[in-house]
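Chemist: Structure of the sequence below:
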Amino acid sequence: MERYSVPQFIEQEAKIAFFISFRQFFYVVGAGAICFALYFVLPFFLFVIASFIIGVAALSLAFITINGMPLLNLLLNSIGFATGGKNYTWKKKESPYPFRTIKKAEIKKLDEGPVLQAQKSRLRKTHTDIELKTK
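Modeler: Below you'll find the model as predicted:
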């Protein structure tokens with residue numbers, strides 16, 4: 001039975017045309033609709049400032065990704081982290097019995113007596129010959 005590799009990380013958005021996806025398209029069209037409505041409501045000077053801010057925000061939300069994550073998700077996650085509870089408490093685990101100090105046994109030095117020299121035997125010579133492959 002043949003094995004086929006399973007594709008992973010296939011989270012791709014459907015593209016409308018060339019490089020723009022539905023999500024990006026709706027950000028840009030939504031910003032355009034808001035700017036169109038503001039043209040009739042605000043004086044021209046305020047309209048220009050507001051439309052510039054809305055346009056930059058919409059383009060950044062539509063096209064900026066950080067570490068493969070869209071900017072909107074990153075902003076929502078950071079707001080959730082900033083407003084969420086951060087109560088870090090450390091609870092000491094109680095031991096079932098009270099600790100007692102244990103005295104360590106003293107290490108006694110042995111008298112340094114005569115040191116035996118390794119004898120040169122045929123077994124050691126044979127072992128060395130086998131290791132060096134001289135025979």
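Chemist: what's the burial count for residue 8?
Modeler: If you count neighbours by other C-beta atoms under 10 Å, residue 8 ends up with 6. Using the backbone N, CA and C atoms, a C-beta is placed for each residue, glycine as well.
Chemist: now swap in residue 38 and tell me
Modeler: 15.
Chemist: ok, now residue 108?
Modeler: 6.
Chemist: phi, psi of it?
Modeler: When read as degrees, to the nearest 10, the backbone of residue 108 gives phi -100, psi 140.
Chemist: List of residues touching the helix or strand harbouring residue 36?
Modeler: Taking DSSP states H and E as the criterion, residue 36 maps to helix 22-41. Contacting residues not belonging to helix 22-41 are listed as 13-14, 16, 20, 47, 50-51, 54-55, 57-59, 61-63, 70 [C-beta atoms under 8 Å, 6 or more residues apart in numbering].
Chemist: Return the subset of the residues you listed lying in strands.
Modeler: Secondary structure from DSSP state E places 16, 20, 70 of the contacts of helix 22-41 in strands.
Chemist: Could you tell me what pLDDT the model assigned to the second one?
Modeler: It refers to residue 20. On the pLDDT scale, residue 20 is placed at 88.
Chemist: circling back to that earlier point, show me which of the contacts of helix 22-41 are buried.
Modeler: 50, 51, 54, 58, 61, 62, 70 (16 or more other C-beta atoms under 10 Å).
Chemist: Going by distance to residue 91, which of those residues wins?
Modeler: Residue 91 lies nearest to residue 70 out of those, by C-beta to C-beta, at 38.8 Å.
Chemist: Now do stretch 55-74: distance from first to last residue.
Modeler: Taking C-alpha to C-alpha, to the nearest Å, stretch 55-74 runs 19 Å from one end to the other.
Chemist: In the protein, where is pLDDT below threshold?
Modeler: By pLDDT under 70, the weakly predicted segments of the chain are 1, 95-99, 101, 110-121, 134-135.
Chemist: The residue minimising distance to the centre of the chain and residue 27, how far apart?
Modeler: For the chain, the residue sitting closest to the mean C-alpha position, by C-alpha atoms, centre = their mean, is residue 67 at 10.3 Å. Residue 67 sits 20 Å away from residue 27, going by C-beta to C-beta, to the nearest Å.
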